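K.L.:
Below: sequence and its predicted model.
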Amino acid sequence: MTKKQLLEEIKAEPSRYFRTPNDVIRDRRFSDPERLDILLTWERVARSGAAGNEGENEANRARLESIIAARLEVEKKLPAQSD
């Protein structure tokens, strides 16, 4: 499997490959832009997740917050883009 194929598989279901969003940051196989792609996908999935009971909602909210924190950490490392 090529790196591009692996990246696409991971983006399809990030939680299958990573236990926590910080694991994405620590994965040395990917560049920061690739890490950002993974985390953005994971965030989108987390935001669109089906509502469950109150306990599940708390867990989903905590997971989303950790994804956002990881995404912000990666974004800080990226060079600022000028418009």
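P.N.:
Cool, the structure landed.
K.L.:
What pLDDT is listed against the closest residue to residue 20 other than its chain neighbours?
P.N.:
Once flanking residues are discounted, residue 20 sits nearest to residue 66: 6.6 Å by CB to CB, 6 or more residues apart in numbering. Glycine gets a C-beta too; all of them are placed from N, C-alpha and C. Predicted confidence (pLDDT) for residue 66: 96.
K.L.:
Wait, residue 66 touches residue 18, no?
P.N.:
No: at 11.1 Å, residue 66 does not count as touching residue 18 under the criterion of CB atoms under 8 Å.
K.L.:
more crowded one of these two?
P.N.:
Between residue 66 and residue 18, counting by other CB atoms under 10 Å, residue 18 is the more crowded of the two (19 against 15).
K.L.:
now the end-to-end length of stretch 7-25.
P.N.:
14 Å (CA to CA, to the nearest Å).
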